[in-house]
Each structure stands twice: as C-alpha cells, then as structure tokens.
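Student: missing the sequence, but the structure's below:
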C-alpha cells in the first residue's frame, strides 16, 4: 500500500456497528407514513446514504411524507436515544489509538448529521483521536438538499477543515485515504481524487465494494491494521 499520513473514517459500518438503532428508527419513521417495511435487507440500505434519497429511491415517497418520516425517525433516534443503540467494532478503538500514536492525522467524514456523529464519537470515548469530526448539516435531509453526492461534499469539507487547522493542502491531496464500508464511500473518495480502503465487516458486501473500484478491501479490523502498517496484537 502507498504511504498515507491522513486517514478519513466513515462512521456507520466502519467505526460503529450502528444497525440496531438505525433500523429501529427507520421502521418507526416509515410506519408513521403507512409503510410497514419488514425486509431487513431493504432497511439496511438506509445505513450510510441520506435518508431522504433512500426513501425516494425505494418507495417514491412524496416530499411531505419524507419530512414526516425523517421527523419521526429523529424522534426515536435523537430524542429517545436510539442513536446510542450501537457499539464500536471490536478492535477499532485500539486501531485508532495506534494510528494516533504513529503520527497519523485522523478525521471522521460521515454523511450522518454532524451533531449525531459527535455525540456517538464522544460516547465511544474516541473524540481525542480526531483532529476533525465532520458530518452533514442536520437540515439537509429535511430540506431535500441531501443527495447521493453528499459523501463527496462531506469529504471535501473534511479536507477543507483540516486545511483550516494548518495541514498542507498539497500533502493532504497526495497522502490521504478514505476508509469506509459501502460503494457510496468509495465513490465519494474517488470524486475527490482520493483512494479508498473499503471494509467488508460493515454494511456493504465485498462484491459491492469491488464493483465500485475500492483500492483495497479489508475483511476484518486486523486486516485494516495490516494495510495501514500498524502493529498487530
């Protein structure tokens, strides 16, 4: 693998095993508009992309119904605490600690609304590892401004925030890698001319990741450590 100095991490499916809280909240939101989804495979497609784009894609929902469903989703997810119905993948905390100690610059680059991202990272005790924690504007999904190109915009914003902290833009362009678990992450990285190490222990299949042109695929946290040149246990 090339030598990277900056690691951008997706959250859901990469750092956080977040399906339980998200799936519960998606069902709750869809129920509110009369869609009683029982297919878990369909529900899992909501992990990663903006909610409004998936609702439109899967069900052709009207804008008013999307707003209602997302509002109800957030009622359960944020107000009633389902966002904490998640856990870090085994070994990911140690990987972050090792990467920080090895001198990597670390950032979170997630399409999830930024306040949620920061609360989850703080709950895991990981905040100190990251120079930047970047997510989407909470109003994007409700105002229908979130699109499937959202990930590319979030990655670009993450890089910009790192530059504001004094990191060199030219070096970031050459030595940054995105780490994510879906084709959505791979595409967002490539749209920013960055490589992507995909992890298949999240919510995208190995076939999906390969089809989107992932530059490398790690099937376990241990394999990810090896790809990054971090010491094993």
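Tutor: Looks like it arrived, so ask away. Predicted model only: the values in this text are computed from it and were never measured. Numbering: from 1, shown residues only.

Student: packing partners for the helix or strand of the chain with the lowest mean pLDDT?
Tutor: Using mean pLDDT, DSSP states H and E, helix 139-142 stands out as the lowest-scoring helix or strand of the chain, at a mean of 72. With contacts taken as 3 or more Cβ pairs under 8 Å, 6 or more residues apart in numbering; DSSP states H and E, helix 139-142 sits against helix 51-59, helix 63-74. Where you see a C-beta, it was placed from the backbone N, CA and C, and this is true even at glycine.

Student: 10 Å - rerun?
Tutor: helix 51-59, helix 63-74, strand 105-113, helix 150-164 (3 or more Cβ pairs under 10 Å, 6 or more residues apart in numbering; DSSP states H and E).

Student: what about residue 220, distance to residue 137?
Tutor: Applying Cβ to Cβ, to the nearest Å, the value for residue 220 to residue 137 is 34 Å.

Student: Just give me the neighbour total for the residue nearest to residue 27 when sequence neighbours are not counted.
Tutor: Nearest residue to residue 27, sequence neighbours excluded (Cβ to Cβ, 6 or more residues apart in numbering): residue 37, at 6.4 Å. Using other Cβ atoms under 10 Å, residue 37 has 16 neighbouring residues.

Student: Could you do residue 221 as well?
Tutor: Neighbourhood size, residue 221 [other Cβ under 10 Å]: 19.

Student: In contact with it, which residues are there?
Tutor: Contacts for residue 221 (Cβ atoms under 10 Å, 6 or more residues apart in numbering) come out as 14, 88, 89, 90, 91, 92, 93, 94, 95, 199, 201.

Student: Could you do residue 8 as well?
Tutor: Residue 8 touches 105-110, 130, 132, 134, 154-155, 158-159, 162, 172, 176-180, 185, 188-189, 192, 194, 196, counting by Cβ under 10 Å, 6+ apart.

Student: before we move on, what about residue 220?
Tutor: Taking Cβ under 10 Å, 6+ apart, we find residue 220 in contact with 89, 90, 91, 199, 200, 201, 226.

Student: Closest one of these to residue 41?
Tutor: Relative to residue 41, the closest of these is residue 200; by Cβ to Cβ it sits at 16.2 Å.

Student: was I right about that closest one contacting residue 183?
Tutor: No. When contacts are counted by Cβ atoms under 10 Å, residue 200 is not listed as touching residue 183 (11.7 Å).

Student: Show me whatever sits in contact with both of those two.
Tutor: Common contact partners of residue 200 and residue 183 (Cβ under 10 Å, 6+ apart): 207, 208, 209, 210, 214.

Student: any idea of the pLDDT on the first one?
Tutor: Per-residue confidence for residue 207 comes out at a pLDDT of 96.

Student: quick one on the thing from earlier: show the buried residues in the contacts of residue 221.
Tutor: 14, 88, 89, 92, 93, 95, 199, 201 (16 or more other Cβ atoms under 10 Å).

Student: list the contacts for the most far-flung residue of the chain relative to its centre?
Tutor: Residue farthest from the centre of the chain, counting by Cα atoms, centre = their mean, is residue 34 at 28.2 Å. Residues counted as contacts of residue 34 (Cβ under 10 Å, 6+ apart) are 65, 69.

Student: so how far is residue 186 from it?
Tutor: 34 Å.

Student: quick one: low-confidence parts of this protein?
Tutor: With pLDDT under 70 as the threshold, the chain has low-confidence stretches at 1, 142-148, 233.

Student: can you give me the helices for it?
Tutor: For the chain, the helices defined by DSSP state H cover 19-31, 40-44, 51-59, 63-74, 92-101, 114-124, 139-142, 150-164, 169-175, 183-191, 206-211, 221-227.

Student: so how many other residues sit close to the nearest residue to residue 3 once chain neighbours are set aside?
Tutor: Distances taken as Cβ to Cβ, 6+ apart put residue 175 closest to residue 3, at 6.9 Å, once the chain neighbours are dropped. Neighbour count for residue 175, taken as other Cβ under 10 Å: 18.
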